[in-house]
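Student: Got a sequence here, can you build the structure:
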Amino acid sequence: HNPLGPVSSMACLHLNLATSNFGVQEQPAKPGTFLTDVCRGQPEWKDGSLLPPEGPGLGIEFDRELARRTPAQEREMPQLRRLDGSFTNW
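Tutor: Residues are numbered from 1 along each chain as shown. Below is the predicted model of the structure:
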(Lines give C-alpha, C1' and ligand atoms only; values in the text may rest on other atoms or scores of the structure.)
Protein backbone atom coordinates (compact mmCIF):
# COMPACT_ATOMS: atom_id res chain seq x y z
CA HIS A 1 0.00 0.00 0.00
CA ASN A 2 1.53 3.32 -1.03
CA PRO A 3 -0.74 6.37 -1.08
CA LEU A 4 2.13 8.82 -0.64
CA GLY A 5 4.44 10.10 -3.38
CA PRO A 6 7.58 9.65 -5.50
CA VAL A 7 10.13 9.05 -2.70
CA SER A 8 7.89 6.54 -0.96
CA SER A 9 7.12 4.92 -4.31
CA MET A 10 10.81 4.41 -5.00
CA ALA A 11 11.44 2.98 -1.51
CA CYS A 12 8.46 0.64 -1.95
CA LEU A 13 9.76 -0.41 -5.37
CA HIS A 14 13.10 -1.42 -3.81
CA LEU A 15 11.32 -3.41 -1.10
CA ASN A 16 9.16 -5.10 -3.74
CA LEU A 17 12.20 -6.04 -5.83
CA ALA A 18 13.81 -7.65 -2.77
CA THR A 19 10.71 -9.62 -1.75
CA SER A 20 10.16 -13.00 -3.38
CA ASN A 21 6.43 -13.17 -2.63
CA PHE A 22 5.60 -9.60 -3.70
CA GLY A 23 2.26 -9.21 -5.47
CA VAL A 24 1.00 -5.74 -6.40
CA GLN A 25 2.16 -2.21 -5.56
CA GLU A 26 -0.50 0.48 -5.27
CA GLN A 27 0.54 3.84 -6.73
CA PRO A 28 -1.05 7.22 -5.92
CA ALA A 29 -0.32 8.46 -9.45
CA LYS A 30 1.53 7.17 -12.48
CA PRO A 31 5.26 7.73 -11.81
CA GLY A 32 6.73 10.65 -13.67
CA THR A 33 3.49 12.66 -13.51
CA PHE A 34 3.69 14.09 -9.98
CA LEU A 35 6.35 16.41 -8.49
CA THR A 36 8.72 15.80 -11.40
CA ASP A 37 10.66 19.01 -10.72
CA VAL A 38 11.21 18.18 -7.04
CA CYS A 39 11.81 14.43 -7.50
CA ARG A 40 13.94 13.71 -10.54
CA GLY A 41 14.68 10.16 -11.65
CA GLN A 42 11.29 8.67 -10.88
CA PRO A 43 10.91 5.06 -12.00
CA GLU A 44 9.94 4.36 -15.57
CA TRP A 45 6.49 2.86 -16.13
CA LYS A 46 6.30 0.31 -18.94
CA ASP A 47 3.47 -2.10 -19.81
CA GLY A 48 1.90 -1.73 -16.37
CA SER A 49 5.14 -2.29 -14.45
CA LEU A 50 7.71 -0.11 -12.73
CA LEU A 51 11.24 -0.74 -13.98
CA PRO A 52 14.14 -0.99 -11.51
CA PRO A 53 16.16 2.23 -11.19
CA GLU A 54 19.74 2.36 -12.41
CA GLY A 55 21.03 5.14 -10.13
CA PRO A 56 22.64 4.71 -6.69
CA GLY A 57 20.65 4.58 -3.47
CA LEU A 58 16.93 4.83 -4.04
CA GLY A 59 17.68 6.08 -7.54
CA ILE A 60 15.76 9.32 -7.13
CA GLU A 61 17.08 12.86 -6.71
CA PHE A 62 15.12 14.97 -4.23
CA ASP A 63 15.59 18.75 -4.54
CA ARG A 64 15.11 19.93 -0.95
CA GLU A 65 15.51 23.61 -1.74
CA LEU A 66 12.86 23.50 -4.46
CA ALA A 67 10.59 21.50 -2.14
CA ARG A 68 10.91 24.22 0.51
CA ARG A 69 9.81 26.82 -2.04
CA THR A 70 6.93 24.71 -3.40
CA PRO A 71 3.64 25.20 -1.55
CA ALA A 72 1.84 22.12 -0.30
CA GLN A 73 -1.14 20.98 -2.34
CA GLU A 74 -4.04 19.97 -0.16
CA ARG A 75 -6.28 17.22 -1.47
CA GLU A 76 -9.58 15.99 -0.23
CA MET A 77 -9.24 12.38 0.83
CA PRO A 78 -12.10 10.03 0.00
CA GLN A 79 -14.13 8.88 2.97
CA LEU A 80 -16.20 5.96 1.87
CA ARG A 81 -19.08 4.65 3.91
CA ARG A 82 -21.12 1.51 3.72
CA LEU A 83 -24.91 1.52 3.53
CA ASP A 84 -25.10 1.29 7.35
CA GLY A 85 -22.93 4.44 7.69
CA SER A 86 -19.78 2.64 8.85
CA PHE A 87 -16.42 3.56 7.30
CA THR A 88 -14.83 1.27 4.75
CA ASN A 89 -11.51 1.07 2.96
CA TRP A 90 -10.85 3.39 0.04
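Student: where along this structure do the helices fall?
Tutor: For the chain, applying DSSP state H gives helices covering 6-17, 64-69.
Student: tell me which residues of the first one are tucked away?
Tutor: For helix 6-17, the buried set under the neighbour-count rule, 16 or more other C-beta atoms under 10 Å, comprises P6, S9, M10, C12, L13. Just so you know, the C-beta spots here come from the backbone N, C-alpha and C atoms, and that holds for glycine as well.
Student: Where does pLDDT dip in the chain?
Tutor: For the chain, applying pLDDT under 70 flags the ranges 1, 3, 90.
Student: how near is A18 to Q73?
Tutor: Noted for A18: a distance of 31 Å to Q73, by C-beta to C-beta, to the nearest Å.
Student: Need the helices of the chain in a markdown table (columns: distance to P28).
Tutor: A markdown table is the format used below for the helices of the chain (distance: least, C-beta to C-beta, whole Å):
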| stretch | distance to P28 |
| --- | --- |
| helix 6-17 | 8 |
| helix 64-69 | 17 |
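Student: mind checking how far the nearest residue to W45 once chain neighbours are set aside is from L80?
Tutor: Distances taken as C-beta to C-beta, 6 or more residues apart in numbering place P31 nearest to W45, at 5.2 Å, with adjacent residues excluded. Per C-beta to C-beta, P31 is found 25 Å from L80.
Student: who's more crowded, these two?
Tutor: For P31 and L80, the more surrounded residue by other C-beta atoms under 10 Å is P31, and the numbers stand at 20 against 9.
Student: which ones are touching that one?
Tutor: Neighbouring residues of P31 by C-beta atoms under 8 Å, 6 or more residues apart in numbering: P6, S9, Q42, P43, E44, W45, L50.
Student: which one of those sits closest to G23?
Tutor: L50 (13.6 Å; C-beta to C-beta).
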